[in-house]
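J.: take this sequence and fold it.
(chains A and B)
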Amino acid sequence: MKEPNDVILRTVSKVAVVIILTFAINLFISGHHQPGGGFIGGLAFVAAIVLLFLVYGIEKVRKNIPVDFKKVAGTGVLIAVFTGVGGMINGKPFLYQVFGHVNLPFFGETEMATAVLFDVGVALAVIGTSMTIIMSIGDDR
Amino acid sequence: MVKWLLFLSLCFLALSILAMIYRLVKGPTAPERVQALDAMGTYLIAGIAILSVLLRSTAFFEVVLLLGILSFVGTIALSRYIERGVVIERKQSD
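T.: This is a model prediction of the structure:
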């Protein structure tokens, strides 16, 4: 009897992971005016890493992504809180945001907002929390 | 006319999703439940696409893509559990 192998799964997921990561970044970037944002961008990112876990096993992914996800979650929450406190230092309410139009060399006139920094914090917190949950559930043996 | 056709197909999609929920709850073995869940994801995608045609809006396209991704990952996880008995393996098995 032949061993069950997953050649098709591996070949598909090599392409699909790239597509899912690109889509996660797209969701994160488009979150300012359109549906999306840090939370769902982080969740799509986690979906890509979970697909890698399913296909390649937990040890190989851990060796190639040597990141402690608990520290990622802590860093994300810290960034989110500090962007909120930054408004309070300037005498404005908590989580106050400013935005302006900046002339960038390639993109022309671009709108830059400080809410993106808060979104980076949210995304890092979501990635760290869900990866910690999944790794501690899937690793019990 | 086209509006009625779209509405009718939405009704039929809802009916078939109800039938799949019956199979999901009743289904005697695990593979039937996996099949029902996967088909439910596909039918939800179809329903959202028809809804976005009906409402003439492009706001739901990200939902379609995200549901496709999540249904793909969930189906792989469940079928791997059926085949190997474990979802996330510690070591690669070849």
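J.: next structured bit after the helix or strand where B:Cys11 lies?
T.: Element membership for B:Cys11, per DSSP states H and E: helix B:2-26. Using DSSP H and E, the next helix or strand after helix B:2-26 towards the C-terminus is helix B:30-54.
J.: mind listing what's buried in that following helix?
T.: Buried positions in helix B:30-54, judged by neighbour count with 16 or more other C-beta atoms under 10 Å in any protein chain shown: B:33-41, B:43-48, B:50, B:52. Quick note: C-beta positions are derived from backbone N, CA and C, even for glycine.
J.: just to revisit the earlier point, buried residues, the helix holding B:Cys11. List them.
T.: B:Leu13, B:Ile17, B:Met20, B:Arg23, B:Leu24.
J.: now these in JSON lines, with distance to B:Gly85?
T.: Converted to JSON lines, those look like this (distance: C-beta to C-beta, whole Å):
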{"residue": "B:Leu13", "distance to B:Gly85": "34"}
{"residue": "B:Ile17", "distance to B:Gly85": "30"}
{"residue": "B:Met20", "distance to B:Gly85": "25"}
{"residue": "B:Arg23", "distance to B:Gly85": "23"}
{"residue": "B:Leu24", "distance to B:Gly85": "21"}
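J.: pull up the gap between the most centrally placed residue in chain B and B:Val73, please.
T.: Computing the C-alpha centroid of chain B and ranking residues by C-alpha atoms, centre = their mean puts B:Gly41 first, at 0.9 Å. B:Gly41 sits 10 Å away from B:Val73, taking C-beta to C-beta, to the nearest Å as the criterion.
J.: again, but for A:Thr129
T.: 18 Å.
J.: on that earlier part again, what sits up against the helix holding B:Cys11?
T.: By C-beta atoms under 8 Å, 6 or more residues apart in numbering or on different chains, the surrounding residues in contact with helix B:2-26 are B:32-33, B:36-37, B:39-40, B:43-44, B:46-47, B:50-51, B:53-54.
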